[in-house]
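*Asks:* need a 3D model of the following:
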Amino acid sequence: MRKIIQIIVIILAVSYVVVSFTQIETIIETLRKGNLPFLVGAFVFELICLYNYAVTYRSLYELVGIHESRWRLLLTTSAANFVSMIAPSGGMSGLAVYIDSARQRNLSSGRVLVVGILYLLYEYASLLCVVMAGFVVLIRRHHLSAGEISAAGFMLAIAVVDAIILYLGYKSQHRLGNLLVGVSRFVNRMLYRFIHRDLINVEKAYNLSVEIAEGIKTIRANPKKLVWPFLFSLNNKAILICILAFIFSALDVPYSVGTIIGGFSISQLFYYISPTPGGVGVVEGLFPLILNTLRVPLGKGVLITLAYRAVTLWFPMLIGFISFRILQKPAVNKNS
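*Replies:* A predicted model of the protein is given here:
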């Protein structure tokens, strides 16, 4: 089964690159025009960002009583990031990588799921903090649209669902178990007419609630440690904002702090809710327009978008693909 998943992921990745081949050529031409020291700075900060993702997850793993090395988590977070890019789902597809890695190493998948839910909650919370700052910039410049408000509302709704799951696990494992069982039965009932079997094992869904509750019980013993993952998540956003500033400088485009924060926050918002892999087409189309409302010339906005995506999409995607292959090798050898 794992080999089949591996093949599907590789096919998705190849299709993704083929579809975006023209864009890759344009990105390479754009990078050639940039100021090399600033471009190098942007790529270095992206590596720091990937490391910071691993540190964020390590702090969450320790919260639920799981001890994992930074190197292992660096590989896992990079691979999960890669899967999230080629199979967009608001971050949920990447969570499957962590759960699969946990099962390979006989770790509690329920506790890892708690970590994943907490991470998404922190990620959305930190993003919404930046988005609110971006909204302030856009309101002051009279450029806030209904689409941007709707996108923020969608992100908030996902964060609320994550918070409800954690709250139920915190207050009552039985209620959480009933919720997961109810959802499982509903999904099975909806899909039975198409696949003629139950997709989700209801008993396993209830047992998962027990593992989630145990993970949350561990967190209750160390509530003060909940602050650190949130600070790490905010730091991720700060690093990405710095990368955007490097790109502006590399292409010799003047900017203000308001322009950087406003442009970054709204582009990230649409990246997360985009139905296309990695937001391809959506971000490239919207980001230059967003920057244009912030008084960046449209032509320069296109170049900034292409260069920024090279650093924050294509570069980590390559690292993520390599990480995914490294993580899968032991499993393949074991099954051969």
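*Asks:* where does pLDDT dip in the stretch 151-300 of the chain?
*Replies:* 151-159, 161-163, 165-166, 168-170, 173, 194-195, 199-200, 204-205, 208-222, 273-278 (pLDDT under 70).
*Asks:* so for the helix ranked longest in the chain, what gets flagged as buried?
*Replies:* As assigned by DSSP state H, the longest helix anywhere in the chain is helix 109-140. Neighbour-count burial for helix 109-140 flags 109-128, 130-131, 133-135, 137-138 (criterion: 16 or more other Cβ atoms under 10 Å). (Glycine included, C-beta is placed from N, CA and C.)
*Asks:* mind listing what the nearest residue to F246 once chain neighbours are set aside touches?
*Replies:* Leaving aside its sequence neighbours, F246 sits nearest to A42 (Cβ to Cβ, 6 or more residues apart in numbering; 3.9 Å). The contact partners of A42, by Cβ atoms under 8 Å, 6 or more residues apart in numbering, come to I243, F246, I247, A250, A307, V311.
*Asks:* cutoff 10 Å now
*Replies:* 31, 34, 242-247, 249-250, 307-308, 310-312, 315 (Cβ atoms under 10 Å, 6 or more residues apart in numbering).
*Asks:* among the residues you listed, who's most crowded?
*Replies:* Using other Cβ atoms under 10 Å as the neighbour test, the contacts of A42 are led by I247, with 29 neighbours.
*Asks:* that one contacts A307, correct?
*Replies:* Yes - taking contacts as Cβ atoms under 10 Å, I247 lies within contact range of A307: 4.8 Å.
*Asks:* who touches both of these two?
*Replies:* Joint contacts of I247 and A307 (Cβ under 10 Å, 6+ apart) are T30, L31, G34, F38, L39, A42.
*Asks:* returning to what we had before: show me what the longest helix of the chain is packed up against.
*Replies:* Contact analysis of helix 109-140 by 3 or more Cβ pairs under 10 Å, 6 or more residues apart in numbering; DSSP states H and E lists helix 36-63, helix 70-86, helix 92-104, helix 146-171, helix 202-220, helix 227-250, helix 257-273, helix 282-293 as its packing neighbours.
*Asks:* what's the closest of the ones you listed to F324?
*Replies:* helix 70-86 (4.0 Å; Cβ to Cβ).
*Asks:* residue ranges in the stretch 1-150 of the chain under the pLDDT threshold?
*Replies:* If you take pLDDT under 70 as the line, the stretch 1-150 of the chain has these spans: 1-25, 88-93, 137-150.
*Asks:* hmm, 90 instead?
*Replies:* 1-36, 60-72, 80-150 (pLDDT under 90).
*Asks:* ok, L128 to A250 distance?
*Replies:* Plainly put, L128 is 29 Å away from A250 if you go by Cβ to Cβ, to the nearest Å.
*Asks:* before we move on, the earlier item: what's the angle from the longest helix of the chain to helix 282-293?
*Replies:* Helix 109-140 and helix 282-293 are oriented at 30 degrees to each other (axes from the mean of the first three to the mean of the last three Cα atoms, to 10 degrees).
*Asks:* now do helix 109-140 against helix 227-250, angle only.
*Replies:* Using the same axes, to 10 degrees: helix 109-140 against helix 227-250 is 50 degrees.
*Asks:* who touches N35 in this structure?
*Replies:* Applying Cβ under 10 Å, 6+ apart, the residues near N35 are G41, F246, S249, A250, L251, D252.
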